[in-house]
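1. mind looking at a prediction? Sequence and model below.
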Amino acid sequence: MADLINPRDLDFLLHDWLKVEELTAYPRFADHDRATFDAVLETARQVAEDKFRPHNRAADLAEPRLVDGKVEMHGDVGPAIQAFAEAGFGAAHHDVALGGMQLPWTVQQAAFAYFQAANISTAAYPFLSVAAANLIHAHGSDEQKSRYMAPMIEGRFQGTMVLSEPHAGSSLSDVRTTARAMPDGSFRLTGSKMWISGGSHELSENIIHLVLARIEGAPAGVRGLSLFIVPRYRLGADGAIGADNDVTLAGLNHKMGYRGTVNTALSFGDAGDCRGELIGEANKGLGYMFHMMNEARIGVGVGSAMLAYAGYQHSLEYARERPQGRHPGEKDPTAPQIMLIEHADIRRLLLKQKIVAEGGLALGLMAAKLVDQQRQDPDETVRDESGLLLDILTPIIKSWVSDHGLAANEAAIQILGGAGFTRDHPVEQFYRDNRLNPIHEGTNGIQAIDLLGRKVVMRDGAALALLERRIWSTIARAGGVPSLTEDAVALGAALERLLSASSKIHGAMEQIGPKRGLANASAFMEMAGLVTMAWVWLEQAVVAVDRLEARPDDETRRFLEGKIHACHAMHRLELPAVKPLSEMLESLDDTVHDMRAEWF
């Protein structure tokens, strides 16, 4: 069976490229070294292999169902989550005083990538719980951290994010769930929520819902939203599980993918007694929730990359072992068949997957290191720039990687041919699972509008200007490497096109208005994603060339040469799409904008 993640790849990304051990210079991580990081990653690999991977197909086939008002699911899901918690992964990045290891977020995310590659549906439960606990840690009161966050990082409680409503979906300004203030300082919530992953199950002692609602009398729109902790079961003064909290499971949603993750419709306050605690200040709930949403968006991008990685590993193994046909020009029908991997078109499909899978993981780990630098670096400039890069990269990671991760899974199916769309192989499930990611945590169309309409102009374009400087720095380094000069020139030209398109659109925005100006935001996202991914691959190639000069062993040499050739493929086969995209954007094309609803 193929590796979940190529160990050479992860070692290369963390140590040769990102130099993750340098993070131990920060006081918070001073007790760590490469040995502890490697031990954490090996533990994650083992738990993922032993507890998550074996039931991936079984949980897909036996999706959660409602029996006598409770959710039943495959029996291996609970033990897997328990093993995750017992290994310390829910708490690893938290303070030692809270039972954590003060592990860098970069290493934590690299470890979690194993679980996403092994079983994305089961991994979704701790994924949500870790993010919910992080939100309470950032914005909750000391009492809320003690009562709710501590049991979550121990694995006794699970967490959710509760935003969407049946009538509103991603349109959070239309949230109708209300909260009435009570004399004791608590609130009574009333409303219905939809598409809530992990919303009801028997996997933990309690479920802590983080619910967006509008306090009675609050302003309309997103400015009137507040965030509440709403437990499934109330807690006593001593933290013991108490009475039901009037949170009702209204039904299950049955999905094409992520079928092992229960997805629910929930009703709050049907009996008029759903109690919640306000997090932070009233009417600032969406800002607090963005702490969780942005973390989740990067996580969705990495999860999509890991599904692409899983499909790549499986189809690569299949292509190496499956004899099929002969080379063009071979006229002798009795000549031995060749392996699939010898065919040019199969290599094309494998290259597509390698670019997205390894590149998507690299981009996600780069973002994780930016989180560590933003939180820990003593230099205010480094902290500020790390935050700026995260702001502009987050929608790209979420959107571009999930779109192309799906295309990578499609390529895996194509390599297997007729076997690819049968359930004898997992690649069709990887595709179905990944199809949800362009929708999860804000659709990719919303991400594109966010990127073009907000992120590239925020702080007078500071984030885009910083990204530009970082890319030009890489181009300059690569320009001095003869084997990478062509790629460096191509990336420079593509970057200039991206900047020119942004300038043209925003220069005309006052005249044409945002409705027309943002109509082609998805095309801009595609262009920005191509430039970003080409940058990430050029970064890797520069390091790979440097490593080759040390004359490594043959297996390492082949790995590094594969990195360099994948970089060439990114710049020669994928990046050229920037040119027609930029031409269309700079022309302020109005084809989409002018299409009338009645013409469909």
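-> Looks like it came in fine. Just so you know, these numbers come straight off a predicted model, no measurement behind them.
2. okay, helices next: where are they in the stretch 201-350 of the chain?
-> Assigned by DSSP state H, counting those that start in this stretch, the helices in the stretch 201-350 of the chain fall at 285-321, 344-376.
3. got the angle for the last one vs helix 285-321?
-> Between helix 344-376 and helix 285-321, the angle formed by their directions is 150 degrees, by axes from the mean of the first three to the mean of the last three CA atoms, to 10 degrees.
4. beyond helix 344-376, next helix or strand please.
-> helix 380-416 (DSSP states H and E).
5. averaged pLDDT, the helix or strand following that next one. What do you get?
-> Going down the chain from helix 380-416, the next helix or strand is helix 427-435, by DSSP H and E. Mean pLDDT, computed over helix 427-435, is 98.
6. pull the distance from helix 427-435 to the chain's centre.
-> 15 Å (CA atoms, centre = their mean, to the nearest Å).
7. which elements pack onto the helix or strand that that helix is followed by?
-> The helix or strand immediately downstream of helix 427-435 is helix 444-450, counting by DSSP H and E. When contacts are defined as 3 or more CB pairs under 8 Å, 6 or more residues apart in numbering; DSSP states H and E, helix 444-450 sits against helix 380-416, helix 521-548. (C-beta placed from N, C-alpha, C; glycine too.)
8. can you tell me which of those helices comes nearest to residue 590?
-> Distance to residue 590, taken as CB to CB, is lowest for helix 521-548 among the helices and strands packed on helix 444-450, at 12.7 Å.
9. give the buried residues for that closest one.
-> Buried residues in helix 521-548, counted by 16 or more other CB atoms under 10 Å: 521-545, 547-548.
10. quick one, that helix and helix 344-376 angle?
-> Using the same axes, to 10 degrees: helix 521-548 against helix 344-376 is 90 degrees.
11. from the chain's centroid, how far away is helix 521-548?
-> Between the centre of helix 521-548 and the centre of its host chain there is 18 Å, according to CA atoms, centre = their mean.
12. quick one: contacts of the next helix or strand after that helix?
-> Toward the C-terminal end, the helix or strand that comes next after helix 521-548 (DSSP H and E) is helix 554-569. If you take CB atoms under 8 Å, 6 or more residues apart in numbering as the criterion, helix 554-569 is touched by 6, 8-9, 12, 351, 354-355, 358-359, 483-484, 486-487, 537-538, 540-541, 544-545, 547-548, 552.
13. residues near the residue nearest to residue 340 when sequence neighbours are not counted, how many?
-> Leaving aside its sequence neighbours, residue 340 sits nearest to residue 319 (CB to CB, 6 or more residues apart in numbering; 4.1 Å). Residue 319: 21 surrounding residues under other CB atoms under 10 Å.
14. report the contact partners of residue 319.
-> 339-341, 346, 350, 415.
15. try residue 419
-> 318, 425 are the contacts of residue 419 under CB under 8 Å, 6+ apart.
16. please apply the same query to residue 206.
-> 151, 156-158, 231-233, 235, 241.
17. one more: residue 41?
-> 10, 107, 110-111, 114.
18. now these as JSON lines including neighbour count, secondary structure and distance to residue 448?
-> As requested, these are exported to JSON lines (neighbours: other CB atoms under 10 Å; DSSP: H, G, I helix; E, B strand; the rest coil; distance: CB to CB, whole Å):
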{"residue": "10", "neighbour count": "22", "secondary structure": "helix", "distance to residue 448": "30"}
{"residue": "107", "neighbour count": "28", "secondary structure": "helix", "distance to residue 448": "31"}
{"residue": "110", "neighbour count": "25", "secondary structure": "helix", "distance to residue 448": "28"}
{"residue": "111", "neighbour count": "24", "secondary structure": "helix", "distance to residue 448": "31"}
{"residue": "114", "neighbour count": "26", "secondary structure": "helix", "distance to residue 448": "30"}
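19. can you pick out the most distant pair from those residues?
-> Checking the contacts of residue 41 with CB to CB, the most distant pair is 107 and 114, at 11.8 Å.
20. secondary structure class of residue 192, three-state.
-> strand (DSSP: H, G, I helix; E, B strand; the rest coil).
21. so which of the contacts of residue 41 is the closest to residue 181?
-> residue 111 (41.8 Å).
22. hang on, the earlier thing: buried deepest among the helices of the stretch 201-350 of the chain, which one?
-> Highest mean neighbour count of the helices of the stretch 201-350 of the chain: helix 285-321, a mean of 24 (counted as mean count of other CB atoms under 10 Å).
23. any idea how far residue 349 is from residue 420?
-> Residue 420 is 11 Å from residue 349, where distance means CB to CB, to the nearest Å.
24. what do the two both touch?
-> Joint contacts of residue 420 and residue 349 (CB under 8 Å, 6+ apart) are 315, 412, 414.
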